[in-house]
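>>> Mind looking at a prediction? Sequence and model below.
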Amino acid sequence: GEDVEQSLFLSVREGDSSVINCTYTDSSSTYLYWYKQEPGAGLQLLTYIFSNMDMKQDQRLTVLLNKKDKHLSLRIADTQTGDSAIYFCAETGGSYIPTFGRGTSLIVHP
Amino acid sequence: DAGVIQSPRHEVTEMGQEVTLRCKPISGHNSLFWYRQTMMRGLELLIYFNNNVPIDDSGMPEDRFSAKMPNASFSTLKIQPSEPRDSAVYFCASSHRDRGVSPLHFGNGTRLTVT
């Protein structure tokens, strides 16, 4: 079945850029999503990219998609302490049901 | 838009008791999902509904788990009898299928502790 892989932790210094990576296996993926989960809350959609795009930018967020390698990344510029959270990658392929990764815990320290 | 509303936020119960979790999806959404989140297994899809009809319940761990969606604005997830290994955060999410991009909108979850 489909699989989405992410590293579990990322630690960065405040003000630096963060890059969270994700790989997936479903070659029929149509939409790829990034969600953010803050403590005690549900997952919140951050951004998404359609599979025929290779980049999408939204303020401090940049999503890069390498469809050939099935690799998705989320770059957060000028990372702030408020960006500390768990970030989930998800993809929808033939089914509209998203497959989620395990999530990457982003820790931002001063 | 009030978002997806779940209740209760926290539930502490003793093993063997019945637990009912509730969800109100976003108005106009026609798909509803129940997820369970634990440290060990991450986010697991338990069941999802489309137009109030259960489509896939293969993620429901055992017969002790059941879910209903009597109308478009309400769903329940019931565990009877509950066991300590059911302790987790349970999320409800909704979306509008048939749209090109249909991200899930999550509630804030119910943290269940079974002692």
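Thanks, I have the structure now.
>>> how about the residues of chain A near chain B?
Residues of chain A found near chain B, taking CB under 8 Å from any CB of the partner chain as the criterion, are A:31, A:33, A:35, A:40-45, A:48, A:50, A:88, A:96-98, A:100-103. From N, CA and C alone the C-beta is placed, and that goes for glycine too.
>>> could you flag which of these are buried?
Using 16 or more other CB atoms under 10 Å in any protein chain shown as the burial test, the residues of chain A next to chain B include A:31, A:33, A:35, A:42-43, A:45, A:48, A:88, A:96-98, A:100-103 as buried.
>>> wait, which of the residues you listed is closest to chain B?
A:Gly42 (3.2 Å; CB to the nearest CB).
>>> quick one: that closest one and B:Ile5 touch, right?
No. Judged on CB atoms under 8 Å, A:Gly42 makes no contact with B:Ile5 at a distance of 10.9 Å.
>>> helix/strand/coil for B:Tyr90?
Under DSSP: H, G, I helix; E, B strand; the rest coil, the three-state class of B:Tyr90 is strand.
>>> Output the contacting helices and strands for the helix or strand of chain A with the lowest mean pLDDT.
When each helix and strand of chain A is scored by mean pLDDT, DSSP states H and E, strand A:99-100 comes last, with a mean of 92. Applying 3 or more CB pairs under 8 Å, 6 or more residues apart in numbering or on different chains; DSSP states H and E, we find strand A:99-100 packed against strand A:85-92.
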